[in-house]
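Structure for the following, please:
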Amino acid sequence: MSDCIFCKIVAGDVPANKVHEDDDVLAIMDVGHVNPGHCLVIVKSHVPTIMELDEATVGNAFTVASQIAKALESNYHPDGMTILQANRPAGWQTVPHFHVHVLPRYADDGVGLTWPAKNPPQEELAATAADVRTALVG
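From the prediction side, this is the model:
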């Protein structure tokens with residue numbers, strides 16, 4: 001897409017600091033990085049979310065994310081690592097092009113995540129699990 005920043009990066013129209021490139025994905029340094037080493041693994045084809053992406057490309061993207069996480073672990077010795085893949089605005093996606101953040105984390109680095117656990121009863125969880133199983137088959 002002509003107005004997509006990640007498509008422009010993949011096409012070479014916008015400069016980026018590449019970390020990895022293969023036929024399906026491009027990994028770059030995040031210009032808005034939180035901590036040193038913060039990378040983005042971007043699929044080369046313009047696909048907005050994981051739901052529209054084929055499983056082989058998803059697998060490759062996460063394999064590359066894992067390899068980058070291990071390299072960052074070795075080089076920077078962070079206290080932790082956040083691997084984040086968001087979909088659609090309500091899911092915190094800010095660029096509608098599939099990508100994975102690989103973010104080295106340090107104690108008190110200012111990154112936050114709100115996760116308001118709802119703790120539903122087991123019966124509700126069982127019903128939801130049945131719905132998901134049905135959708136997986138169908």
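
For the longest strand seen in the chain, list every residue counted as buried.
When the chain is parsed with DSSP state E, its longest strand is strand 99-105. Within strand 99-105, the residues that qualify as buried are His99, Val100, His101, Val102, Leu103, Pro104, counting by 16 or more other CB atoms under 10 Å. Every residue, glycine included, has its C-beta placed from N, CA and C.

The fifth one is in contact with Gln85, isn't it?
This means Leu103. No - the criterion here is CB atoms under 8 Å, and Leu103 misses it with Gln85 at 11.5 Å.

What segments of the protein are strands?
In the chain, the strands defined using DSSP E lie at 18-21, 25-29, 39-43, 80-84, 99-105.

most neighbours per residue, which of those strands?
With neighbours taken as mean count of other CB atoms under 10 Å, the strands of the chain reach their highest mean count in strand 39-43, at a mean of 25.

avg pLDDT for it?
Strand 39-43 carries an average pLDDT of 98.

And for stretch 47-57?
Here stretch 47-57 scores 97 as its mean pLDDT.

Show me what that stretch is in contact with.
Stretch 47-57 is contacted from outside by Asp24, Val25, Val43, Ser45, Val58, Gln85, Asn87, Arg88, Gln93, Pro96, His97, Phe98, using CB atoms under 8 Å, 6 or more residues apart in numbering.
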